[in-house]
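# Let's see this in three dimensions:
(one chain, ligands or ions: 2)
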Amino acid sequence: MSQSNALRREVDAAPVPQAQSFELRPLPGPVGAEIIGLDLSRELTAADFARVHEAHLDHHLLVFRDQRITPQQHIDFSRRFGRLMIHVLHQFHLADHPEILIVSNIVEDGKPIGLGDAGKYWHSDISYKELPSLGSLLHAQELPSEGGDTLFANMHLAYDTLPAALRHAVEGKRAVHSYLAQYGQLQKEGNWRPTLSAQQIAQVQEVVHPVVRTHPENGRRALFVSEGFTTRIQDVPEDESRALLAELFAHSVRAEHIYRHRWQPHDLVFWDNRSLIHLAGGTPDHLRRKLYRTTIEGDTPF
Ligand code: OGA
Ligand code: MN
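Numbers count the residues shown, from 1 in each chain. Ligands and ions are numbered 1, 2, ... in the order given. Reported below is the predicted structural model:
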């Protein structure tokens, strides 16, 4: 081979990803599986990616154990599933990585470094946008010695087990989702929420989505309302809307629908916002907790 050919080959050759051998362990209960022995700092082969993707659709939540990945690697892996969303609270973006939202109760120099009350109410991430999130990836950076769990409820199960009268009542209904609905309340309850600028408010105008949606990839129906963002069912009287939502919220989070994630160091948890709602279990004030989140954009719910 001539010298110039050898040189060209070196320049052209894209690094070929190597297959990894990893284990998939379904968690007991209605949500989730663990992935052991997969290194997300390396590019996945098409076959490994397909296995992860299928497992995600089957279990709605994957716990990738022991991920020593950089923010950029976290972003790169997330992007394989779709476009990333930039959170409206730019105050809490990771420096130089607006795709990452810092979720943390840590205060430095009197200023919160992240969103300290993320997930205080049950919700599906970014359901207040026309294109809500497909899924989110939360990577543990610093964990408290107690508390700090995250709870997930299976909304396919919630739909499947809905009492017939309730199912009938919400058939074909649509509901309003609003980022601002609970914002004032959260501001009163803690010091985490900055005053929103006019520009920020313009980014979070309320939207309407079906109360029951069909998952675009697994074809299953799921309830798509939550106490965090859903304010009103359309085309029914106000008091009926309030009563229906209260029943739907209570039914969604019955114990048998829930998985409680107890974080381990370097966990990366990837959940499906089309199948699940989630809640921060809470961290004692004197203990530090920090996680990084990417959020993948989804489709228009139908
Ligand atoms: C989130 C969220 C809950 C938690 O990051 O989207 O809701 O336990 N977090 O931190
Ligand atoms: Mn959330």
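# Let me know whether stretch 243-262 sits next to ligand 2.
No - with Cβ under 5 Å from the ion as the criterion, ligand 2 is not reached by stretch 243-262; the gap is at least 12.4 Å. All C-beta spots, glycine's among them, are computed from the backbone N, C-alpha and C.
# Would you mind pulling the contact partners of that stretch?
Here stretch 243-262 makes contact (Cβ atoms under 8 Å, 6 or more residues apart in numbering) with 27, 29-32, 61, 63, 122, 149-155, 157-158, 161-163, 166, 169-170, 175, 211, 223, 225-227, 230, 232-233, 236, 267, 269, 277, 279, 281.
# just the buried members of those residues?
30-32, 61, 63, 122, 150-155, 157-158, 162, 169-170, 175, 211, 223, 225-227, 230, 232-233, 267, 269, 277, 279 (16 or more other Cβ atoms under 10 Å).
# Give the other helices and strands that the helix or strand encompassing Y292 contacts.
Under the criterion of DSSP states H and E, Y292 resides in strand 290-297. Strand 290-297 sits against helix 71-79, strand 97-104, strand 133-142, with contacts defined as 3 or more Cβ pairs under 8 Å, 6 or more residues apart in numbering; DSSP states H and E.
# What is the subsequent helix or strand relative to the last one?
Looking back up the chat, that one is strand 133-142. The first helix or strand that comes after strand 133-142 along the chain, using DSSP H and E, is strand 150-154.
# Could I get the average pLDDT for that next one?
The pLDDT scores in strand 150-154 average 98.
# what lines up beside that strand in the sheet?
strand 258-261 (antiparallel), strand 276-280 (antiparallel) (DSSP bridges).
# so which residue of the stretch 201-302 of the chain comes closest to ligand 1?
Per Cβ to the nearest ligand atom, A280 is where the stretch 201-302 of the chain lies closest to ligand 1, at 3.4 Å.
# can you tell me how far whichever residue of the stretch 101-250 of the chain sits closest to ligand 1 sits from ligand 2?
Proximity of the stretch 101-250 of the chain to ligand 1 (Cβ to the nearest ligand atom) peaks at G119, 2.6 Å away. Taking Cβ to the ion, to the nearest Å as the measure, G119 falls 4 Å from ligand 2.
# cool, and L180?
Applying Cβ to the ion, the value for L180 to ligand 2 is 16 Å.
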